[in-house]
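>>> The sequence and its predicted three-dimensional model are supplied below.
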Amino acid sequence: MKRGKLIVFAAPSGAGKTTIVQHLLKIPELNLQFSISAASREKRAIEVEGKDYYFLSIEQFMDKIRNKEFVEWEEVYRDNFYGTLKTEIDRICDAGKNVIFDIDVSGGLRIKRKFPEDTLTIFVEPPSINDLIIRLKNRNTENEDKINMRVAKAAAEMATAPLFDVIILNDDLDRAKAEAEKVVAKFIGLEKK
């Protein structure tokens with residue numbers, strides 16, 4: 001059985017990567033399965049364990065780091081660790097599916113370094129920092145301090161965009177979805193019209 005490809009979507013919080021990834025997952029011919037990340041942060045009310053994230057305590061996360069169970073991990077915000085478990089990639093690839101990731105920029109670039117031939121990295125760029133602020137506020141999921149923390153990190157994340165294989169500007173969501181679909185289809189060898 002042919003092992004699947006790895007498709008990484010990364011962006012600053014609020015750029016729209018999750019919306020684009022959710023769109024791509026609904027296209028059967030792309031044969032995608034979502035890589036569920038592990039996270040040490042608190043679960044939001046709308047999130048589901050084992051669907052959105054594998055929620056771990058900081059202690060559990062540290063144990064998995066010590067045991068080298070992650071392909072990549074990072075402390076994205078203070079005491080908020082995120083990572084991709086080796087078992088998650090193996091589970092999806094062994095089933096012949098292509099793995100799609102919705103992760104932070106550093107993690108995405110680490111996956112590309114570990115699997116250079118099998119990975120496509122896509123950076124979703126917001127139109128501006130102001131648009132990012134509006135999107136984060138409209139989510140109504142975080143307080144002002146968390147939003148400010150995410151915005152402060154966004155400039156550094158946006159500076160990494162040239163390191164990615166593809167940059168998709170998300171100034172028009174329908175266009176960004178169509179562009180993502182075309183790029184992913186080409187990478188996995190399925191040309192879309």
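Cool, got the structure.
>>> what packs against whichever strand or helix holds residue 108?
Following DSSP states H and E, one finds residue 108 within helix 105-114. Under the contact criterion of 3 or more C-beta pairs under 8 Å, 6 or more residues apart in numbering; DSSP states H and E, helix 105-114 touches strand 6-10, strand 70-77, strand 80-85, strand 98-103, strand 119-125. In this view, the C-beta of every residue, glycine as well, is placed from N, C-alpha and C.
>>> if you compare these, which one is most tucked away?
strand 6-10 (a mean of 26; mean count of other C-beta atoms under 10 Å).
>>> Output the contacting helices and strands for that one.
Judged by 3+ C-beta pairs under 8 Å, 6+ apart, strand 6-10 is in contact with helix 17-25, strand 98-103, helix 105-114, strand 119-125, helix 173-187.
>>> Kindly recompute the last result at 7 Å.
Helices and strands touching strand 6-10, as assessed by 3 or more C-beta pairs under 7 Å, 6 or more residues apart in numbering; DSSP states H and E, comprise helix 17-25, strand 98-103, helix 105-114, strand 119-125.
>>> Now do the first one, average pLDDT.
I take that to be helix 17-25. Average pLDDT, helix 17-25: 96.
>>> Output that helix in PDB with nothing but the alpha carbons.
Only the C-alpha atoms of helix 17-25 are listed here, as PDB (Å, rounded to 0.1, in the frame of the first residue of the first chain):
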ATOM      1  CA  LYS A  17      -6.100  28.000   7.900                       C
ATOM      2  CA  THR A  18      -8.600  25.900   9.900                       C
ATOM      3  CA  THR A  19     -11.500  26.900   7.600                       C
ATOM      4  CA  ILE A  20      -9.500  26.000   4.500                       C
ATOM      5  CA  VAL A  21      -8.400  22.700   6.000                       C
ATOM      6  CA  GLN A  22     -12.000  21.800   6.900                       C
ATOM      7  CA  HIS A  23     -13.000  22.600   3.300                       C
ATOM      8  CA  LEU A  24     -10.400  20.300   1.900                       C
ATOM      9  CA  LEU A  25     -11.300  17.500   4.200                       C
END
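>>> Run the chain-centre distance for the next helix or strand after that helix.
With elements assigned by DSSP H and E, the helix or strand that comes after helix 17-25 is strand 32-34. Here strand 32-34 is found 12 Å from its chain centre; the criterion is C-alpha atoms, centre = their mean, to the nearest Å.
>>> related to what we said a few turns ago, can I get the helices and strands packed on strand 6-10 in JSON lines including distance to residue 54?
Shown next, in JSON lines, are the helices and strands packed on strand 6-10 (distance: least, C-beta to C-beta, whole Å):
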{"stretch": "helix 17-25", "distance to residue 54": "17"}
{"stretch": "strand 98-103", "distance to residue 54": "13"}
{"stretch": "helix 105-114", "distance to residue 54": "15"}
{"stretch": "strand 119-125", "distance to residue 54": "21"}
